[in-house]
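*Asks:* Any chance you could fold what I've pasted below:
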Amino acid sequence: MLKKLIRVILILLLSVFSFYYTNKSIELVREQDPIMKTIRSTSDKYNIQAVNAEIKDNTIIPGISGKEINYVESYTKMKQYGMYNEIMTTLKDVEPTISVDDYYDKYIISGNKIKRSVALVFKIEQTTPKEIINILNKNKISSTFFIDGEYLENNSKDITLMTNHELELLSYNKGYDEIYFSSSKDYLESLTNRKLKYCYSDYDKEEVINLCQKLKLHTIVPTINIKNSLLKEVKEQLSNSAIISIPNSKNTKQELDTTIKYIKSRGYTIETLEDLLNENLEK
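*Replies:* The predicted structure follows:
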């Protein structure tokens, strides 16, 4: 019985070693192939290093994913083709080692500065900013609206006016009771058919970030918080990946169209928060 067991173990060990050395032999042959050597020689042209999220005190700025050649897949395609063909080079994403998605206890204060984009953010507490929505739609701009939960319950029909925009939860009757906030979160998700991702705070506010962290929502604090003149303050503070919080005011309605045109004239694109804060290089 013991001899039989030893024989079985030896056979298994031989199989494992045989498999290991066979794979190593295949890998060695592949690496010596002129096609693979050419593919590897182009790595500097295609490989882009991932950028980690930047953490400072209680704030965070998202990272950016990188790219690198998928050597095995690229080689397999070209080998079947019979020669090196640059068009067949296949890339794969390289995720940041430190990602914003791992931190819900930090305030997101902007997107990654690599992106020449901004996000326009609006709060809805008492009235739906229909004129603002019309201006955004006319300019084919998608923005992010943070809606108070109690207001939402009584005005859910207004959601149809914002189908081109990103909707997130602001508060519940300007408060942050977990039961009411969580219930409103579920309700808004059912109306929009998408998972909410963000909370809003004008400044470092412990009750907001504690609740949102518990609900796995990221808390944003605007890069630019417009106080008086929308156009003037944007001109003074516009920067890569800025989150711009804009009030629902008479001044906004008068200056929003001009401000959008100014932002675009400076070479910026205007995105939703989800796109601006996405760590995917393609976004």
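*Asks:* Show me where the stretch 51-200 of the chain has its strands.
*Replies:* Under the criterion DSSP state E, counting those that start in this stretch, the stretch 51-200 of the chain carries strands at the ranges 54-56, 59-61, 66-69, 91-94, 107-108, 117-124, 144-148, 166-171, 198-200.
*Asks:* Residues touching the second one, excluding its own?
*Replies:* The contact list for strand 59-61, computed with CB atoms under 8 Å, 6 or more residues apart in numbering, reads 53-54, 100, 103, 106-113, 221, 241. Using the backbone N, CA and C atoms, a C-beta is placed for each residue, glycine as well.
*Asks:* Make JSON lines from the strands of the stretch 51-200 of the chain and add mean pLDDT and mean neighbour count to it.
*Replies:* Listed next are the strands of the stretch 51-200 of the chain as JSON lines, based on pLDDT from 0 to 100; neighbours: other CB atoms under 10 Å:
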{"stretch": "strand 54-56", "mean pLDDT": "97", "mean neighbour count": "13"}
{"stretch": "strand 59-61", "mean pLDDT": "97", "mean neighbour count": "20"}
{"stretch": "strand 66-69", "mean pLDDT": "93", "mean neighbour count": "17"}
{"stretch": "strand 91-94", "mean pLDDT": "92", "mean neighbour count": "14"}
{"stretch": "strand 107-108", "mean pLDDT": "98", "mean neighbour count": "22"}
{"stretch": "strand 117-124", "mean pLDDT": "97", "mean neighbour count": "23"}
{"stretch": "strand 144-148", "mean pLDDT": "98", "mean neighbour count": "23"}
{"stretch": "strand 166-171", "mean pLDDT": "97", "mean neighbour count": "23"}
{"stretch": "strand 198-200", "mean pLDDT": "98", "mean neighbour count": "24"}
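*Asks:* residue ranges of the helices in this protein, please?
*Replies:* Taking DSSP state H to define them, one finds helices in the chain at 2-32, 34-41, 43-46, 71-81, 130-138, 149-154, 178-192, 206-214, 230-237, 250-265, 273-277.
*Asks:* Of those, which stretch is the most buried?
*Replies:* Scoring these by mean neighbour count under mean count of other CB atoms under 10 Å gives helix 273-277 as the most buried, with a mean of 22.
*Asks:* Quick check: which of the strands of the stretch 51-200 of the chain is nearest to Thr259?
*Replies:* Of all the strands of the stretch 51-200 of the chain, the one in closest proximity to Thr259, counting by CB to CB, is strand 117-124 (8.8 Å).
*Asks:* Mind giving me the packing neighbours of the closest one?
*Replies:* If contacts are counted by 3 or more CB pairs under 8 Å, 6 or more residues apart in numbering; DSSP states H and E, strand 117-124 sits against strand 144-148, strand 243-246, strand 269-271, helix 273-277.
*Asks:* Which of those sits closest to Tyr198?
*Replies:* Set against Tyr198 and scored by CB to CB, the helices and strands packed on strand 117-124 come closest in helix 273-277, at 5.7 Å.
*Asks:* Alpha carbons of that closest one, in PDB - could you do that?
*Replies:* Extracted as PDB, the C-alpha positions of helix 273-277 are listed here (Å, rounded to 0.1, in the frame of the first residue of the first chain):
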ATOM      1  CA  LEU A 273     -18.800  63.900 -12.100                       C
ATOM      2  CA  GLU A 274     -18.800  60.200 -12.900                       C
ATOM      3  CA  ASP A 275     -16.800  60.800 -16.100                       C
ATOM      4  CA  LEU A 276     -14.500  63.500 -14.600                       C
ATOM      5  CA  LEU A 277     -13.600  61.400 -11.600                       C
END
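*Asks:* Now do that helix: distance to the chain's middle.
*Replies:* The chain centre lies 5 Å from the centre of helix 273-277; the measure is CA atoms, centre = their mean, to the nearest Å.
*Asks:* can you list the domains in this structure?
*Replies:* Following automatic domain parsing, one gets these domains for the chain: 33-100, 107-277.
*Asks:* neighbours around the residue nearest to Gly66 when sequence neighbours are not counted, how many?
*Replies:* With CB to CB, 6 or more residues apart in numbering as the measure, Ala50 is the residue that lies nearest to Gly66, at 3.5 Å, once sequence neighbours are left out. Other residues lying near Ala50 total 19 when counted by other CB atoms under 10 Å.
*Asks:* quick one: Ser182 and Leu196, what's the gap?
*Replies:* Applying CB to CB, to the nearest Å, one obtains 11 Å for the distance of Ser182 from Leu196.
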